[in-house]
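Participant: build the 3D model from these lines:
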Amino acid sequence: MPRLILVLHDLYSLRLDQAAQAALPRLPTLERWLAQGEAGAAPGGWREWLWRELGDARQPVAPPASIAGGAVVGAPADQPLWLATPAHLMAGLDTVRMHPAGLLALDLSEQTILATDFARVFAGSGYSLHATGRRELLLAGGAALAPASVVSHDPGKWLGKDPSSGFPSGHGATALRRLGAEMEMWLHDHPINRARAERGLLQANALWLWGGGAPLATGGAASAAPQTMAWADDLYMDGLARLRGLSMASGAQCWPSAPCDLLAVCELGARLNSHSLLALERDWVAPAFEQWRTGVVHSASLLAGDRVVTLRGWRWRGVVRRMRRSRPWWETLLQ
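Facilitator: Model (predicted):
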C-alpha cells in the first residue's frame with residue numbers, strides 16, 4: 001500500500017517565551033495529525049530515519065556528507081567530505097551564540113564566489129570548497145583525518161544557543177576546528193558579506209562543518225525505492241535520490257494520480273513566521289493529511305527534529321484516538 005512521508009526540515013527544538021508563542025499561528029491540520037498519530041522517536045534525525053526506511057535497515061548508516069557528495073559534480077572521490085552550512089554567529093563580551101535565524105541559504109552565485117575565493121586563499125591546504133546551489137556547500141579534504149573519529153552535529157540544533165558544544169569534537173577534530181576558525185577570519189568583511197549587509201541580510205560569518213564521511217562508491221543498484229516520488233530542495237536528498245532511485249519532482253507539489261509512495265522535505269528557513277508556517281499548513285500538511293484521510297495512502301509519517309508521528313489506516317482507527325484533543329503544535333514539536 002502507498003505511504004507518505006512529510007519532513008518538516010526546519011522545525012528544531014526551541015525555547016519559546018510567552019510572547020514568542022503568542023506570535024505563532026495555530027495550525028489546525030498539523031495539530032490533528034499530532035493528536036491522532038502514533039508518536040515515535042527518530043534519534044538520529046530525519047536523515048538517518050529516511051536512510052533506514054527507504055533502504056535495507058541492516059546497512060550501516062552512511063554519513064550525511066557521504067550521501068550528499070554523490071550529487072555534487074566535481075567532488076573528489078578519494079577525500080573525506082563534509083557538509084558546510086553557512087551560518088551567522090553573534091559574539092558578545094564573553095559568549096558566542098548562533099542567531100535564531102542563523103542558518104543561511106546563499107544563492108548559487110554567492111556560493112560560486114566563495115568556492116573560487118576559497119581555492120585562492122586556502123591554496124595548498126589540501127581542502128576544496130564546492131558550490132551546490134542548495135543550502136549546504138560541500139568541503140572536501142583533510143586526507144589524514146578519519147571522519148568516523150570526529151563527532152559533529154546538525155547546526156540547526158544550536159539555533160539561538162551557544163554553539164561551542166556542537167563544533168567538531170573527538171580524536172582528529174583539531175585540524176577541522178582550526179580550519180573552521182580560519183574560515184571565520186576569511187569570511188569577516190568578505191565582499192559577499194558586505195553585499196549582504198547592504199541588502200539588510202544576515203552575513204555568513206561561519207561555515208559550520210558537519211556530517212563528515214568518505215565518498216560512497218558510485219554505480220550499483222539504485223532501485224531500492226523506484227516508485228517513490230520526492231519533492232525536496234536539499235543536498236542530502238539529492239544524494240539519497242541518486243542512491244535509492246527516487247524520482248525527484250521539481251516545482252510546486254502536485255501529488256501524482258498513479259499510486260506510489262510520496263516523500264516531501266519542506267524547508268521553512270531558520271526564522272519561523274506566520275507567513276511561512278501558514279504556507280506550510282496550506283501547501284503541504286493539509287494536502288498530505290487529506291491523502292491519508294481519504295485512503296489514497298495507507299500511512300502518513302511526519303518527521304520533525306528527532307520525532308516521528310505516523311497516521312495509520314483510517315478505517316481501523318479507534319474512536320478514542322480520533323477524539324483526542326488537539327493542543328498547540330509547538331508544544332509537541334518545538335519544546
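Participant: can you name the element that comes right after the helix or strand of the chain with the lowest mean pLDDT?
Facilitator: The least trusted helix or strand in the chain, going by mean pLDDT, DSSP states H and E, turns out to be helix 319-322, with a mean of 51. Later in the chain than helix 319-322, the nearest helix or strand by DSSP states H and E is helix 329-333.
Participant: which helices and strands does that next one pack with?
Facilitator: helix 28-36, strand 307-312 (3 or more Cβ pairs under 8 Å, 6 or more residues apart in numbering; DSSP states H and E). C-betas here are computed from N, CA, C, even on glycine.
Participant: any chance of the ones you listed in JSON lines, plus mean pLDDT and mean neighbour count?
Facilitator: Listed next are the helices and strands packed on helix 329-333 as JSON lines, based on pLDDT from 0 to 100; neighbours: other Cβ atoms under 10 Å:
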{"stretch": "helix 28-36", "mean pLDDT": "96", "mean neighbour count": "21"}
{"stretch": "strand 307-312", "mean pLDDT": "95", "mean neighbour count": "20"}
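Participant: and the one helix or strand H88 maps to, what does it pack onto?
Facilitator: In this assignment (DSSP H and E), H88 forms part of strand 81-91. When contacts are defined as 3+ Cβ pairs under 8 Å, 6+ apart, strand 81-91 packs onto helix 64-69, strand 96-103, strand 137-141, strand 206-213.
Participant: name the SS class of I5, please.
Facilitator: Under DSSP: H, G, I helix; E, B strand; the rest coil, I5 falls in the strand class.
Participant: quick one: it and S301 touch, right?
Facilitator: Yes - in this structure, I5 is within contact of S301 by Cβ atoms under 8 Å, at 5.0 Å.
Participant: quick check: end-to-end length of stretch 9-26?
Facilitator: Chord length of stretch 9-26, first to last residue, is 19 Å (Cα to Cα, to the nearest Å).
Participant: nearest to G295, out of the helices and strands packed on strand 81-91?
Facilitator: helix 64-69 (33.0 Å; Cβ to Cβ).
Participant: and that closest one, what's buried?
Facilitator: Using 16 or more other Cβ atoms under 10 Å as the test for burial, helix 64-69 gives P64, A65, S66, I67, A68, G69.
Participant: residues in contact with the first one?
Facilitator: The neighbours of P64, taking Cβ atoms under 8 Å, 6 or more residues apart in numbering as the test, are R47, L83, W210, G211, G213, Y236.
Participant: with distance to L201 added, can I get these in TSV?
Facilitator: Shown next, in TSV, are the contacts of P64 (distance: Cβ to Cβ, whole Å):
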residue	distance to L201
R47	27
L83	21
W210	23
G211	25
G213	31
Y236	24
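Participant: weed out the non-buried ones from the residues you listed.
Facilitator: Buried among these (16+ other Cβ under 10 Å): R47, L83, W210, G211, G213, Y236.
Participant: quick check: which element contains S13?
Facilitator: Using DSSP H and E, no helix or strand contains S13.
Participant: which residues in this structure form helices?
Facilitator: Under the criterion DSSP state H, helices of the chain are mapped to 18-22, 28-36, 45-53, 64-69, 108-121, 174-187, 191-198, 235-244, 274-280, 286-293, 319-322, 329-333.
Participant: which one of those lies closest to S152?
Facilitator: helix 174-187 (8.2 Å).
Participant: pLDDT score for the closest residue to Q203 other than its chain neighbours?
Facilitator: Counting by Cβ to Cβ, 6 or more residues apart in numbering, Q203 lies nearest to N193, which is 4.0 Å off, once chain neighbours are set aside. pLDDT, N193: 97.
Participant: surely N193 meets L201?
Facilitator: No - judged on Cβ under 8 Å, N193 makes no contact with L201 at a distance of 9.0 Å.
Participant: between those two, point out the one with more neighbours.
Facilitator: Between N193 and L201, counted using other Cβ atoms under 10 Å, N193 has the larger neighbour count: 19 against 13.
Participant: residue contacts, that one?
Facilitator: N193 touches L187, Q203, A204, N205, counting by Cβ under 8 Å, 6+ apart.
Participant: from those residues, which is closest to A57?
Facilitator: Nearest member of the contacts of N193 to A57, counting by Cβ to Cβ, is A204, at 37.0 Å.
Participant: give the contact list for the closest one.
Facilitator: Neighbour list for A204: P86, A87, H88, L104, L106, E110, L187, I192, N193, R196 [criterion: Cβ under 8 Å, 6+ apart].
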